[in-house]
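Student: okay, sequence plus prediction incoming.
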Amino acid sequence: MITASTMAFGMARKRSKAKPRSRSRKPAFNISNAAQTFIVANGVSMAMFKVDALTFLGLTKNFQGGYSAGNNSNEITAMEIFNRVFQGGSGGMSSTWQAAGGIPNVIKSNLKGQLPLLITATVGVPLAFKFGKQILAKPLLNPLNRTLKMAGIKGVKV
């Protein structure tokens, strides 16, 4: 007579303790992604508004024109757009540009002259960063990240 063992089929499995969940950490600040974002934003700002991103936001006053009083009519800042939309008036724009169609026409004119810069900023820079990250992949970046970690800088990653 063949009998089956009660161990294999008859007894229930013993419950094991569930593994404690690992705590989710904030992702580390990635310097290369931040640099890529800034370069793209700067290129788009230069193409559309003829000023760098920091000047557009009003953090610096790095205008291209030689005027000591401020910027040229084709250099637009966020404050000028805000003033023009909410307060009316010229917003720092010359009467020639106002007659030609205002801010939309200035942006269109800037884009016509700066189209290669816009394409480079929006297509070329992300591709360059993608290939650069692949070229400088793990063998070069691991020691740098380890050094940053040993220096006590835990939230930064290159």
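Tutor: Received the coordinates, thanks. Numbers count the residues shown, from 1 in each chain.
Student: now do Gly58: how many residues are near it, please.
Tutor: 12 (other C-beta atoms under 10 Å). No exception for glycine: its C-beta is placed from N, CA and C like everyone else's.
Student: quick one, what contacts the residue nearest to Leu118 when sequence neighbours are not counted?
Tutor: Excluding the flanking residues, the one nearest Leu118 by C-beta to C-beta, 6 or more residues apart in numbering is Ala47, at 3.8 Å. Ala47 sits next to 110-111, 114-115, 117-118, 121 when contact means C-beta atoms under 8 Å, 6 or more residues apart in numbering.
Student: how close does Ala47 sit to Ala128?
Tutor: Using C-beta to C-beta, to the nearest Å, Ala47 is found at 17 Å from Ala128.
Student: max-length helix in this structure?
Tutor: Scanning the chain for the longest helix, with DSSP state H as the assignment, gives helix 31-49.
Student: which SSE is immediately downstream of that helix?
Tutor: For helix 31-49, the following helix or strand on the C-terminal side (DSSP states H and E) is helix 53-57.
Student: packing partners of that following helix?
Tutor: helix 31-49 (3 or more C-beta pairs under 8 Å, 6 or more residues apart in numbering; DSSP states H and E).
Student: list the buried residues in the helix it packs on.
Tutor: The neighbour-count check on helix 31-49 (16 or more other C-beta atoms under 10 Å) flags 36, 39-49 as buried.
Student: in a markdown table: those, plus pLDDT and distance to Phe29.
Tutor: Shown next, in a markdown table, are those (pLDDT from 0 to 100; distance: C-beta to C-beta, whole Å):
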| residue | pLDDT | distance to Phe29 |
| --- | --- | --- |
| Gln36 | 93 | 13 |
| Ile39 | 94 | 17 |
| Val40 | 95 | 18 |
| Ala41 | 94 | 17 |
| Asn42 | 94 | 19 |
| Gly43 | 93 | 22 |
| Val44 | 93 | 23 |
| Ser45 | 92 | 23 |
| Met46 | 91 | 26 |
| Ala47 | 92 | 28 |
| Met48 | 90 | 28 |
| Phe49 | 88 | 28 |
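Student: between these, which is closest to Leu148?
Tutor: Gln36 (18.9 Å; C-beta to C-beta).
Student: which non-adjacent residue is nearest the closest one?
Tutor: Gln36 sits nearest to Phe129 (C-beta to C-beta, 6+ apart), 4.5 Å away.
Student: just the buried positions in the helix or strand containing Lys112, please.
Tutor: Using DSSP H and E, Lys112 sits in helix 103-113. For helix 103-113, a neighbour-count test (16+ other C-beta under 10 Å) marks 103, 106-107, 110 as buried.
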